[in-house]
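Trainee: Predicted model follows, preceded by the sequence.
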Amino acid sequence: MRFLLTRAFFLILILIGAGSCGNNKGSGIDNGFSLSGKISPAAVAAGRSLAQSRCQSCHAFPEPELLDKESWEHYVLPTMGYRMGLYHRNPVQGIGIRNRLIETGLAGELVQQANIFPESPTISVTDFQKITDYYLTVAPAKASSPAAKLNIAPNISLFVPHFPDLPFRPASVTLVKVDPVRQQLWVGLAKQNRLLQLNSRGQLQKTLPLYAVASDYLMQPEGNYALNIGSFFPSDAPAGVLTFYLPGQQQPKVILNRLQRPVQAQFTELNGDNKPDLLVCEFGNQTGSLNWYEGGSGQTFRKHILKNAPGAVRAYVQDLNHDKRPDIIALMAQGNEEIIIFYNEGHGTFREEKVIQFSPAMGSSSFELVDFNQDGFPDILYTAGDNADFKPVQKPYHGIRIYLNNGRNKLKETYFFPQNGSYKATAADFDGDGDLDIAAIAFFARFRDLPQESFIFLENKGDLTFRASTFAGSNRGRWLTLDQGDLDGDGDIDLVLGSFVLNTQLASDKQNKQWATEGPVVVILENKSR
């Protein structure tokens, strides 16, 4: 049983979302179950025991305090039932619900084959009522209070913001990629289904067609590759493709197809045959996988499944146990949220080891592999903030975390900065003082109460203490994508943010309208340290 549903993207969202059991937007779901009355302590204990036995078989146990009663009753508990074949207390009504959950065509066939939504219940109505009574008795009436107002300085002296005048509104950026070698910026637009090439000042140089919404861009010596997610909205259809743009040509060539909503791809070499392989995070929806594609002659690739589960967000290739073989470390979302190392055992075989497991309510959205304390061992910069599954509620556990490595790939949380709706963070020595700073965006920030939360720069002051600031105009866009690199070639590291405009209850009607009609496509934060 999994807990949350599909995220909006990337990251999505929309394109990367944090996984849940059903598509529960709007006013909620009435599945015929509610609190059955005053519940005795013994009944609460029995309900908790049942919930633990059923939930922990698939993911970390979701404590009732993570969400408010309304979220549990009208969104989460019904979708829990779907995963156990219980769609409604009334079986006739349940048949109609199940039919709506499963797509037509190949996407639906994949979900049926995986038995995501069983035809017959795997739990009794009595037992599910006990679980419902437990959560609705223990969960708080209101959502946990968000983090207190943060001390975020209003102006960053290190960066100067530039808002290029690009005629693509409302903004729908799903990809920003800095090319520091050519001093170019690549921008993927969902609504126009185009790839923009901008110069270092943000001026449009050319546009290229996309097969579908762009989620990643790979710059290789022989040319550039675009990863196309396929379906913008949550789907299990294997419609994603990896395409190649030969220099000087407009129309791309398909290299890989039949991918399930891929969000990241990278060329690497995994099996020691000196032929380029591909590692692809196929986020999917109800189904998906983390795969590597073994390279052959003439750009042919053979698929190998590392993890047969939806929610692959990002992966890195690095020798993590110093045996001179490249290992893989990946973040998985979609309910069973965890960071996993796949240790390379040679000849294309890998051993899976979970190193961090998160609550299924966490909303994992990104991670980077970086050495924060400069001890030679890779640490993890992680964000949690996806909030696209149902009516947004503020979550004080959303934010930016650093996990330090003890030298044996055992990771311990050593830093947390609260940022509601945190969607991506990236680390670099932006100010040139020898330590790593952090830049982070929040797609689900508190736009009404704390709009500066949507972009935060954390300047490292030493010993993992940070000073927070933002830039003037940080609320002009709704930032979904973020990249870093020396865009202008002056030797320091710039930042680029991409805006994706979707109406949200987290902002006022006026703010939503301004984003749509006046908001920028991207903002370039020019680093002035040199």
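Mentor: Cool, got the structure. Numbers count the residues shown, from 1 in each chain.
Trainee: tell me which strands and helices the helix or strand of the chain with the lowest mean pLDDT is in contact with?
Mentor: Ranked by mean pLDDT, DSSP states H and E, the weakest helix or strand in the chain is helix 91-101, scoring a mean of 89. Applying 3 or more CB pairs under 8 Å, 6 or more residues apart in numbering; DSSP states H and E, one finds that helix 91-101 contacts helix 77-83. Where you see a C-beta, it was placed from the backbone N, CA and C, and this is true even at glycine.
Trainee: where does the stretch 301-450 of the chain dip in pLDDT?
Mentor: Judged by pLDDT under 70, the stretch 301-450 of the chain has no weakly predicted residues.
Trainee: Recalculate using a threshold of 90.
Mentor: 334-335, 387-394, 449 (pLDDT under 90).
Trainee: sorry, back to before: which strands and helices sit next to whatever helix or strand comes next after the least confident helix or strand of the chain?
Mentor: Next in sequence after helix 91-101, counting helices and strands by DSSP states H and E, comes helix 105-114. Packing contacts for helix 105-114, counted by 3+ CB pairs under 8 Å, 6+ apart, involve no helix or strand.
Trainee: would you put the C-alpha positions of helix 105-114 in PDB?
Mentor: Extracted in PDB, the C-alpha atoms of helix 105-114 (Å, rounded to 0.1, in the frame of the first residue of the first chain):
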ATOM      1  CA  GLY A 105      -4.600   1.600 -23.800                       C
ATOM      2  CA  LEU A 106      -1.100   0.300 -22.900                       C
ATOM      3  CA  ALA A 107      -0.900   2.600 -19.900                       C
ATOM      4  CA  GLY A 108      -3.900   0.800 -18.300                       C
ATOM      5  CA  GLU A 109      -2.500  -2.600 -19.300                       C
ATOM      6  CA  LEU A 110       0.700  -1.900 -17.400                       C
ATOM      7  CA  VAL A 111      -1.200  -0.900 -14.300                       C
ATOM      8  CA  GLN A 112      -3.400  -4.000 -14.600                       C
ATOM      9  CA  GLN A 113      -0.300  -6.200 -15.000                       C
ATOM     10  CA  ALA A 114       1.300  -4.700 -11.900                       C
END
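Trainee: What are the buried residues along it?
Mentor: Residues of helix 105-114 classed as buried under the neighbour-count rule (16 or more other CB atoms under 10 Å) are Ala107, Gly108, Leu110, Val111.
Trainee: Output those in CSV; the columns should cover distance to Gly399 and pLDDT.
Mentor: As requested, these are arranged in CSV below (distance: CB to CB, whole Å; pLDDT from 0 to 100):
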residue, distance to Gly399, pLDDT
Ala107, 34, 96
Gly108, 37, 96
Leu110, 34, 96
Val111, 33, 96
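Trainee: now those residues in CSV, with distance to Val181?
Mentor: Output for the buried residues of helix 105-114, formatted as CSV (distance: CB to CB, whole Å):
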residue, distance to Val181
Ala107, 39
Gly108, 44
Leu110, 39
Val111, 42
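Trainee: In PDB, list the C-alpha atoms belonging to stretch 177-187.
Mentor: What follows is stretch 177-187, C-alpha atoms only, in PDB (Å, rounded to 0.1, in the frame of the first residue of the first chain):
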ATOM      1  CA  LYS A 177      20.200  24.000 -18.500                       C
ATOM      2  CA  VAL A 178      23.400  26.200 -18.400                       C
ATOM      3  CA  ASP A 179      26.100  25.400 -21.000                       C
ATOM      4  CA  PRO A 180      29.200  27.100 -19.600                       C
ATOM      5  CA  VAL A 181      31.400  26.000 -22.400                       C
ATOM      6  CA  ARG A 182      29.400  27.800 -25.100                       C
ATOM      7  CA  GLN A 183      27.900  30.400 -22.600                       C
ATOM      8  CA  GLN A 184      24.400  29.400 -23.600                       C
ATOM      9  CA  LEU A 185      21.200  28.700 -21.800                       C
ATOM     10  CA  TRP A 186      18.700  26.000 -22.900                       C
ATOM     11  CA  VAL A 187      15.000  26.400 -21.800                       C
END
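Trainee: can you start the count at 5 instead of 1 from here on
Mentor: Sure, I'll start numbering at 5, so the last one becomes stretch 181-191.
Trainee: Spell out which residues sit in contact with the spatially closest residue to Ala365 that is not a sequence neighbour, please.
Mentor: Among residues not flanking Ala365 along the chain, Leu70 sits closest, at 4.2 Å (CB to CB, 6 or more residues apart in numbering). For Leu70, the contact set (CB atoms under 8 Å, 6 or more residues apart in numbering) comprises Ser363, Ala365, Lys399, Tyr401.
Trainee: Could you check how far the nearest residue to the first one once chain neighbours are set aside is from Ser368?
Mentor: Counting by CB to CB, 6+ apart, the nearest residue to Ser363 once its immediate chain neighbours are dropped is Ala64, at 5.4 Å. Computed as CB to CB, to the nearest Å, the Ala64 to Ser368 distance reads 12 Å.
Trainee: what about the closest residue to Leu263 other than its chain neighbours, neighbour count?
Mentor: With CB to CB, 6+ apart as the criterion, Leu263 has its nearest non-adjacent residue at 3.4 Å, and that residue is Gly244. The number of residues packed near Gly244 is 28, by other CB atoms under 10 Å.
Trainee: check contacts around Gly244.
Mentor: So Gly244 contacts 216, 231-235, 261-266, 286 (CB under 8 Å, 6+ apart).
Trainee: One more: Pro184?
Mentor: With contacts defined as CB under 8 Å, 6+ apart, Pro184 is in contact with Gly489, Asp490, Leu491, Gly493.
Trainee: what's the spacing between it and Gly489?
Mentor: To Gly489, Pro184 is 4 Å away according to CB to CB.
Trainee: if I've got this straight, Gly380 is in a strand?
Mentor: No - in this structure, Gly380 is coil, not part of a strand, as judged by DSSP: H, G, I helix; E, B strand; the rest coil.
Trainee: hang on, the earlier thing: surely the residue nearest to Ser363 forms part of a helix?
Mentor: No - secondary structure of Ala64, determined by three-state DSSP: coil, with no helix assignment.
Trainee: Hmm, it is touching Glu341, no?
Mentor: Yes - in this structure Ala64 lies within contact range of Glu341 using CB atoms under 8 Å: 7.5 Å.
Trainee: pLDDT value on Gly300, please?
Mentor: What the model reports as pLDDT for Gly300 is 73.
Trainee: Around it, how many other residues sit close by?
Mentor: So Gly300, with other CB under 10 Å, has 13 neighbours.
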